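1. from the sequence below, what's the structure:
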Amino acid sequence: MRFGRLAITPNGREFWVPDFEKIKVFKFDIDSALMDQDYLPTVTKPFAYDFFLSGMNIVSDSLALGTGLEVLSPSTFRASLGRWDINTGIIEKFGEEHPKLTGERTNAFFDYSYKHNIMALAHINHDILTLYNADGTIKYHILGEKEFDNEKRKLKFFGEVHIGDEWIIRSYLGSEGFILDEKQQPMSVGRSRLLLFNLKVNLSKVIETGHDIRYFAADDEKKRVLCYFLGREVPLGYFYFE
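-> Reported below is the predicted structural model:
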């Protein structure tokens, strides 16, 4: 089984999980899943193979937005904004993209802010993050030093992105994603930095954690970031960003 990341509904009582092996999305009631060891999801929705959401936020009972992946071949794809009508099951591309990304092989992380009603795509192989209005129009492009130069896809840039109450937080590498170890075997290089931008996309802070960040979550109320690290004896850690 190949599960995607879960998406919690706005009411906080259910979550959806995509299963890329079964090509379906499953809906779970959180309380029932925690309390009943025999619990099974009550709703399943199939999705198309040629365009589907690899990561998403549930915006309402009938709508999810996220990273839509368009399959180009058995081993290649490209990312854009995707919109899922939960009632009909239809998943479609929507919104704008930078002209230089048109037709390019891309992949990206997504987040949606319920408070500010904006979205973000943080590209993995291009040094660019795009902030969108709710209708898919581009609000800002944040271009890094390399911009659209990915040196034959050797470079890795952004990881997860979080749009908070006051900050946009992104994990970042900005260099080659693999190095050779002492046996000349390729070894992946993880993202150890977090970049904090204000909502007008001005870079305010760079935090170097010194460890490979696999996942992170932001607690806006307590102004802290919680991280799950790889290659660290204690994998969980947190720090305050203000």
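2. helix, strand, or coil at the residue lying closest to residue 68 once chain neighbours are set aside?
-> Once flanking residues are discounted, residue 68 sits nearest to residue 82: 2.3 Å by CB to CB, 6 or more residues apart in numbering. C-beta here means a position set from N, CA and C on the backbone, and glycine is covered the same way. Secondary structure, DSSP: H, G, I helix; E, B strand; the rest coil: residue 82 is strand.
3. so residue 82 makes contact with residue 63?
-> No. The criterion here is CB atoms under 8 Å, and residue 82 misses it with residue 63 at 11.3 Å.
4. and for residue 76, the neighbour number?
-> Under the neighbour criterion other CB atoms under 10 Å, residue 76 is assigned a count of 9.
5. ok, residue 82 and residue 63, which is more surrounded?
-> Neighbour count, other CB under 10 Å: between residue 82 and residue 63, residue 82 has more, with 24 against 13.
6. how near is residue 221 to residue 83?
-> 29 Å (CB to CB, to the nearest Å).
7. neighbour-wise, which of these two wins?
-> Of the pair residue 221 and residue 83, residue 83 is the one with more neighbours under other CB under 10 Å, namely 19 against 8.
8. which residues does the nearest residue to that one once chain neighbours are set aside contact?
-> Sequence neighbours aside, residue 94 is the residue nearest to residue 83 in space, at 4.8 Å (criterion: CB to CB, 6+ apart). Applying CB atoms under 8 Å, 6 or more residues apart in numbering, we find residue 94 in contact with 81-83, 136.
9. residue 217 now?
-> Residues in contact with residue 217 (CB under 8 Å, 6+ apart) are 162, 225-226.
10. neighbour-wise, which of those residues leads?
-> Counting by other CB under 10 Å, top hit in these: residue 225 with 24 neighbours.
11. from the chain's centre, how far out does the helix or strand where it lies sit?
-> According to DSSP states H and E, residue 225 maps onto strand 224-230. Distance of strand 224-230 from its chain centroid, counting by CA atoms, centre = their mean, to the nearest Å, is 15 Å.
12. how about residues contacting it?
-> 169, 190, 194, 207, 209, 211-219, 235-241.
13. restricted to strands, list those.
-> 169, 194, 207, 212-219, 236-240 (DSSP state E).
14. show the buried residues in the residues you listed.
-> Using 16 or more other CB atoms under 10 Å as the burial test, these include 169, 194, 212-214, 216, 218 as buried.
15. thank you kindly, that will do.
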